[in-house]
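Chemist: After the sequence you'll find the predicted model.
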Amino acid sequence: MDEQALLGLNPNADADFRQRALAYFEQLKISQDAWQVCAEALAQSIYSDDHIKFFCFQVLEHQVKFKYSELTEVQQQLIRETLITWLQAQMLNPQPEKTFIRNKAAQVFALLFVTEYLTKWPKFFFDILSVVDLNPRGVDMYLRILMAVDAELVDRDVVHTSEASYYYALIFVLKFKKYLCFNYRRRFAERLFFFIFFFPPYGNSALESLGDLDPKAEARRNTLLKDTMREQCIPSLVESWYQILQNYQYNNSELTCQCLEVVGAYVSWIDLSLIANERFINMLLGHMSVEVLREEACDCLFEIVNKGMDPIDKTKLVESLCQVLQSAGLFSIDQEDDVDFLARFSKLVNGMGQALIASWTKLIKSGDMKSAQDALQAIEAKVSLMLQLLIHEDDDISSNIIGFCYDYLHILKQASMPDFSLTVFGDIICFDFLSALSDQQKANVEAIMLAVMKKLTYDEEYNFENEGEDEAMFVEYRKQLKLLLDRLAQVSPELLLASVRRVFNTTLQNWQTTRFMEVEVAIRLLYMLAEALPVSHGAHFSGDVTKATALQDMMRTLVTSGVSAYQHTSVTLEFFETVVRYEKFFAVEPQHIPTVLMAFLDHRGLRHSSPKVRSRTAYLFSRFVKSLNKQMNPFIEDVLNRIQDLLELSPPENGYQALLSSDDQLFIYETAGVLIVNSEYSAERKQALMRNLLTPLMEKFKVLLEKLMMAQDEDRQMALADCLNHAVGFASRTSKAFSNKQTVKQCGCSEVYLDCLQTFLPALSCPLQKEVLRSGVRTFLHRMIICLEEEVLPFIPSASEHMLKDCEAKDLQEFIPLINQITAKFKTQVSPFLQQMFMPLLHAIFEVLLLPAEDNDQSAALEKQMLRRSYFAFLQTVTGSGMSEVIANQGAENVERVLFTVIQGAVDYPDPIAQKTCFIILSKLVELWGGKDGPVGFADFVYKHIVPACFLAPLKQTFDLADAQTVLGPECIQYLQQEYLPSLQVAPEIIQEFCQALQQPDAKVFKNYLKVFFQRAKP
């Protein structure tokens, strides 16, 4: 082998050597016999370098995966002998191979297994067992091979398709993180991580070699392999596992854990009786008392419990396991300090609980009420243990039991259904299931409720200003707890309401001396009630008097207690979130609006020291003002004055750090617009207020545009352009306040926005930072077309002319929707404008589409594809808006060119979206121009080009016959029968059949026939 190239395999090698190693690997992959060199190197232990050994296994892996069928019988036998020889050597080597090499070897063994087991190597496992016997190193490899085989046959985490290597790397990294978080299957995660990140020269190629087998064919193959294994070798394998466990349980914990992992993996698809028997279960239960084995034993028992079986047998199995575990003291959670084990144990208890619930459900459905009652008693007996795990301070342990808890609450609903009582909440009829439950079940429900409330609480270590992975995990955990709370509300809404009210009132009475996490969770619980309790259209404060009174009291306490001044961001944010969630409270008690408005506007909200609070509050303030509508009238001008400084445009040169980001300012501008538009002021007053709002923007825009024109430094140009874009965006955002009931014209604001247009449009002629400026002005024009309607039309020609100058694919792609909007809205009103700019626009499009591009430049190809779609969408809009004369009046040569581009789009481009659009255009043109009044020569064009297109397109291999978009008139029949179809060498009987189908009155029949026709006609 190329020794110099092999140097690049070392992770510490420089980039040149790594590149050479990668090139060498690619060379060996395509070589006919290079794999034999690698096989010899492995069999004879020629190299001691770990990276070279790994490399050799990779070459063999590629050969087995992709080229095995090309090998002769002798060559295939050589690969088998190489692997067996290497395996034999492992028992004699003074030191074991590195873990990542053993794992790669196991993968190659597994690939050879799935290739040869059914045909040439039926004694695969027996041959391996005869080599390894009970030698520790041999057993290690045997177990790794078993796990690799399971990964090939069953493991749903392994994606067996030829996706991009990045996708695999991402999956593996996510798995690695998951295993780290839960301290789970570390060895598997470590070897995956090591492989991806420490072998980059050939990692991508190896990742790709995960396979490209068709998923359905692979599933059939795997099923056949598993069926054959069950018949021929599984009992022997199970016996070998028992012998390994028996021999090594006291002196080699690592091998024992590996074997337990194998048992857990295989139990899902082998005969459960082979494992769920006295000798195996007793051994596994014994392992539960051994500290180094109990985590893997837990996982193994979980897999056994999770296996599908008869509900009565499952209940007996779970109960027998529980009795032994309880007698061993494992149910005494408070005496256990090992959180890693408890996380596994919680998962096991969750599995047992859900298995019992599944059995209960099946027994209820089958009508076996006695056995169902036994199962329910078994479930109830586990609730105490479930509660201990749910309330545990470690969130991983608590999270693992939530599934059992959730399902238990569900069966309480079902178990109590015959004796339910009714409660009316607003317009919603609810079942109060609690009244039908036993005292113990009621106590369980309350205990779960208290546990959820406690576990929702943040801990001291939560980093609110710089949230990382731990914080993200807690957020997800909170979402799980919310689902439990919602389920609790279904079982007993009264109990939940009463419990939350008690916690809320107690906490807010002394919020000044209470820890932030307790205050936050009290408000959070009130917030959660909004979704947990059933209401109609958010009417929390009407209907059921008890519920409405309780919520109203809590909201009154919230806004009057002064808790909004609490000095912690979590409490502040929860206050504002809850106020907005219960906005209908202020319709009932509007006297509290000023208090809340001041909280939004001062240091507690928009002027808070935390950027995170300011940002979120800007959004919530906008929602709050919108929801109050007319109730804001007494406060409009005061609010507008107080937010004045927050509306200022911050030029890049002043160095002042604004309180709000430009994105946050968008919400403030929208809020200001809503206040003005929804006010009860006269049109004149609204116009004056809107002018006061937008004039500072227009004045600064003019100044900044002049500065941009003179700026030399590119960074300064970009900063100025961004600021100009923000100004346009702010003005555009204010227009969202208008509606059909409150139009720009009715509010007297047309003149203000026309002034904005005149101010912003000169930016289109600026030669600097065109993309940014055009984008902002284009968005503003979109809004003005909606708001100003016909008044915007005088500005369109000039704006279009500027936007078509020196434009690129993306510019055109974004400009065309503007023209489409104008065309669809104003139709014949803009016909003269469209006729004038039609060909200039098309010339700009064609010019960009004809620009040369690199063959492998996927970005350029995608841009052209999107532009082509936009072009066809434009033609569709023109024809669909009844303005086909715009095309017809462009001159015969231009019309023909346009028509041929549509034909080309329908037939030649493998883009289903563009094809569909093109056929819609052609169909519309045939409808409009197909008669006597159509353009000269169009009828001939239909027969010579449109009709053939309807056949040529479906005959393409890339055409989706399930999505054909052809519409042909019956007048084509003679042309098809006598001229066109014979020219395609279609058989006379098929032509006759087709023409008869074409005359069917039922379009559905013809459409179904078309699929058959094209399938038969395809080459």
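Modeler: Received it, and whenever you're ready, just let me know what you need.
Chemist: what's the helix or strand for Ser48?
Modeler: If you go by DSSP states H and E, Ser48 is not part of any helix or strand.
Chemist: What about it, how many residues nearby?
Modeler: Ser48: 7 surrounding residues under other C-beta atoms under 10 Å. (C-beta placed from N, C-alpha, C; glycine too.)
Chemist: show me what contacts it?
Modeler: Listed by C-beta atoms under 8 Å, 6 or more residues apart in numbering, Ser48 has no contact partners.
Chemist: Check the gap between it and Ile101 for me.
Modeler: 12 Å (C-beta to C-beta, to the nearest Å).
Chemist: Next, count neighbours for Ala672.
Modeler: 28.
Chemist: let me redo that: Glu808
Modeler: By other C-beta under 10 Å, the residues close to Glu808 number 14.
Chemist: wait, it sits on Val848?
Modeler: Yes. Glu808 lies in contact with Val848 (C-beta atoms under 8 Å); the separation is 6.6 Å.
Chemist: low-scoring stretches of the stretch 851-1000 of the chain, by residue?
Modeler: Along the stretch 851-1000 of the chain, the model assigns pLDDT under 70 to residues 951, 953-985, 998-1000.
Chemist: how about the helices of it, start to end?
Modeler: Assigned by DSSP state H, counting those that start in this stretch, the helices in the stretch 851-1000 of the chain fall at 858-880, 884-888, 892-907, 912-929, 938-941, 947-955, 973-975, 981-983, 988-998.
Chemist: Including distance to Gln44 and mean neighbour count, could the ones you listed go into JSON lines?
Modeler: Listed next are those as JSON lines, based on distance: least, C-beta to C-beta, whole Å; neighbours: other C-beta atoms under 10 Å:
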{"stretch": "helix 858-880", "distance to Gln44": "45", "mean neighbour count": "19"}
{"stretch": "helix 884-888", "distance to Gln44": "77", "mean neighbour count": "19"}
{"stretch": "helix 892-907", "distance to Gln44": "61", "mean neighbour count": "18"}
{"stretch": "helix 912-929", "distance to Gln44": "56", "mean neighbour count": "21"}
{"stretch": "helix 938-941", "distance to Gln44": "75", "mean neighbour count": "16"}
{"stretch": "helix 947-955", "distance to Gln44": "58", "mean neighbour count": "20"}
{"stretch": "helix 973-975", "distance to Gln44": "76", "mean neighbour count": "13"}
{"stretch": "helix 981-983", "distance to Gln44": "68", "mean neighbour count": "14"}
{"stretch": "helix 988-998", "distance to Gln44": "65", "mean neighbour count": "15"}
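Chemist: got those as JSON lines, with distance to Gly776 columns?
Modeler: As requested, these are exported to JSON lines (distance: least, C-beta to C-beta, whole Å):
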{"stretch": "helix 858-880", "distance to Gly776": "20"}
{"stretch": "helix 884-888", "distance to Gly776": "29"}
{"stretch": "helix 892-907", "distance to Gly776": "31"}
{"stretch": "helix 912-929", "distance to Gly776": "28"}
{"stretch": "helix 938-941", "distance to Gly776": "42"}
{"stretch": "helix 947-955", "distance to Gly776": "40"}
{"stretch": "helix 973-975", "distance to Gly776": "53"}
{"stretch": "helix 981-983", "distance to Gly776": "54"}
{"stretch": "helix 988-998", "distance to Gly776": "52"}
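Chemist: wait, which of those is closest to Gln76?
Modeler: With C-beta to C-beta as the criterion, Gln76 lies closest to helix 858-880 of these, at 39.3 Å.
Chemist: Next, the angle helix 892-907 makes with that closest one.
Modeler: Between helix 858-880 and helix 892-907, the angle comes out at 120 degrees (axes from the mean of the first three to the mean of the last three C-alpha atoms, to 10 degrees).
Chemist: Going by contacts, tell me the helices and strands next to helix 858-880.
Modeler: helix 809-826, helix 831-849, helix 884-888, helix 892-907, helix 912-929 (3 or more C-beta pairs under 8 Å, 6 or more residues apart in numbering; DSSP states H and E).
Chemist: can you rerun that using 7 Å?
Modeler: Judged by 3 or more C-beta pairs under 7 Å, 6 or more residues apart in numbering; DSSP states H and E, helix 858-880 is in contact with helix 809-826, helix 831-849, helix 892-907, helix 912-929.
Chemist: and the angle from the first one to helix 858-880?
Modeler: Per the same axes, to 10 degrees, the angle that helix 809-826 makes with helix 858-880 is 20 degrees.
Chemist: Please identify the buried residues of helix 809-826?
Modeler: 809, 811-816, 818-820, 822-823, 826 (16 or more other C-beta atoms under 10 Å).
Chemist: Turn the helices and strands packed on helix 858-880 into a markdown table, columns for distance to Arg778.
Modeler: Shown next, in a markdown table, are those (distance: least, C-beta to C-beta, whole Å):
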| stretch | distance to Arg778 |
| --- | --- |
| helix 809-826 | 6 |
| helix 831-849 | 14 |
| helix 892-907 | 25 |
| helix 912-929 | 22 |
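Chemist: nearest to Asn93, of these?
Modeler: helix 912-929 (58.3 Å).
Chemist: Using CSV, list the CA coordinates for that closest one.
Modeler: Output of helix 912-929 as CSV, limited to C-alpha atoms (Å, rounded to 0.1, in the frame of the first residue of the first chain):
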residue,chain,number,x,y,z
PRO,A,912,-43.5,19.5,-12.1
ILE,A,913,-44.5,22.9,-10.7
ALA,A,914,-43.5,24.8,-13.9
GLN,A,915,-45.0,22.1,-16.1
LYS,A,916,-48.3,22.4,-14.3
THR,A,917,-48.3,26.1,-14.7
CYS,A,918,-47.4,25.9,-18.4
PHE,A,919,-50.3,23.5,-19.1
ILE,A,920,-52.7,25.9,-17.3
ILE,A,921,-51.4,28.7,-19.5
LEU,A,922,-51.8,26.7,-22.6
SER,A,923,-55.3,25.6,-21.6
LYS,A,924,-56.3,29.2,-20.9
LEU,A,925,-54.9,30.4,-24.3
VAL,A,926,-56.8,27.6,-26.1
GLU,A,927,-60.0,28.6,-24.3
LEU,A,928,-59.4,32.3,-25.2
TRP,A,929,-57.8,32.1,-28.6
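Chemist: and the angle for it with helix 892-907?
Modeler: Interaxial angle of helix 912-929 relative to helix 892-907 (the same axes, to 10 degrees): 140 degrees.
Chemist: Helix 912-929 - contacts with which helices or strands?
Modeler: helix 858-880, helix 884-888, helix 892-907.
Chemist: same thing but 10 Å
Modeler: Packing partners of helix 912-929 (3 or more C-beta pairs under 10 Å, 6 or more residues apart in numbering; DSSP states H and E): helix 858-880, helix 884-888, helix 892-907, helix 938-941, helix 947-955.
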